[in-house]
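Visitor: For reference, the sequence and a predicted model appear below.
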Amino acid sequence: LTLTKSRYLGVEFTKPALVNEDMKVEGSTVGVSVRNYHPGLPIDDTIIWELPEGWTVEPLSVPVNLPPGDSARYEFAVSSVGGLKEPPEMSLNFPVREGKTSRISRGLHLARQATCIKAGEPPVLDGVLDEACWQDAETDLLVSNEEAPPIDPTHFYFAFDSENLYLAARCQDAVMDSVRAEVAEQDGPVYSEDCVGYFIQPDSLKKIVYQIYFNPEGAVYDVRYRPGTDGYMNHDVSWDGDYEVGAGRDGEAWTIEMKIPLSQWGIEAASGQNWGLNFRRKQARISNAGDWQPISADTQTLGLLKFK
């Protein structure tokens, strides 16, 4: 159990490397927390970064000496001049037993940033994205399968008031007759059709992640992920959220709007907050997907939703 906890909880990013609109990291300060879960042996080693071409991390190495049960936080200045496909990786040896250690590695937590607009009035959930709150669309998605055609243009929007989170998406398709949306029941396999999906973490301290998929008819598949004491994220498919959904279509795209009451998550939204976020679109006709960040329920792979 000690080694499992060390592997999943021993190294955590407390502050990610922020990715700008040009898909670069420029002078971002990254926070790393190290905790020694071994009951009787210290961590006596050095954090070492491995750098792909185009990256800088300062300092490149930091000595770590932690007695049993102790923790410490370290900061690094990170920049990139190239792409983000191969981020730096840090590693550190954790004690297993006397004379034996296990080397644990973590890839740099990269976080893109999306804007959530404060809604002056709640949007009408009719699938027509003509409200003032639907602005600052996120359109730049990473191709999931590079061997398949890229997905058609897609726009994601985010808005809020103190009691609700509002989401919208416009998904173009060059062959609208091919759009697949047969699932109608709650928690059916929406993810196997045309759909948009979200991973939302309202509270970074609780680390609970809500995975929510919607198909073009508004059918929902959702899962709640909770961190276990061993570091694993436990998923609960039986959890069902409360949503109001409106869907629409025109000759070029299918659209969806939704309201998520925040009382079910025990939180209120306010300007200045930053939530964990990822989202994607799956397009059945071309068997491909576009992802904002690499897809995972791991909180170390989420970007940031910034509330204006």
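Guide: Right, received. Where do you want to start?
Visitor: Okay, helices next: where are they in the stretch 1-150 of the chain?
Guide: Under the criterion DSSP state H, counting those that start in this stretch, the stretch 1-150 of the chain contains helices at 2-9.
Visitor: Tell me where this structure is predicted with low confidence.
Guide: Across the chain, residues meeting the criterion (pLDDT under 70) sit at 1, 297.
Visitor: wouldn't residue 218 be in contact with residue 246 here?
Guide: Yes. Between residue 218 and residue 246 a contact is recorded at 7.2 Å, counting by C-beta atoms under 8 Å. Just so you know, the C-beta spots here come from the backbone N, C-alpha and C atoms, and that holds for glycine as well.
Visitor: what touches both of the two?
Guide: 256, 258 (C-beta atoms under 8 Å, 6 or more residues apart in numbering).
Visitor: buried stuff in stretch 5-19?
Guide: 5-13, 15-19 (16 or more other C-beta atoms under 10 Å).
Visitor: and which of those is nearest residue 236?
Guide: Nearest to residue 236 among those is residue 8, at 18.5 Å by C-beta to C-beta.
Visitor: can you pull the contacts of the closest one?
Guide: 230, 231, 232.
Visitor: now with 6 Å?
Guide: Taking C-beta atoms under 6 Å, 6 or more residues apart in numbering, we find residue 8 in contact with residue 231.
Visitor: Check the one 3 residues further on too.
Guide: With contacts taken as C-beta under 6 Å, 6+ apart, residue 11 has the following neighbours: 34, 106.
Visitor: For residue 136, see how far away it is.
Guide: Distance from residue 11 to residue 136, counting by C-beta to C-beta, to the nearest Å: 34 Å.
Visitor: Now do the strands in the stretch 1-150 of the chain.
Guide: 11-15, 17-18, 28-35, 43-50, 55-58, 61-66, 71-80, 89-97, 100-107, 110-111, 113-118, 142-143 (DSSP state E, counting those that start in this stretch).
Visitor: Tell me which of those strands is the most buried.
Guide: The highest mean neighbour count among the strands of the stretch 1-150 of the chain, using mean count of other C-beta atoms under 10 Å, belongs to strand 110-111: a mean of 24.
Visitor: where's it relative to the chain centroid, distance-wise?
Guide: Chain-centre distance of strand 110-111: 9 Å, with C-alpha atoms, centre = their mean, to the nearest Å.
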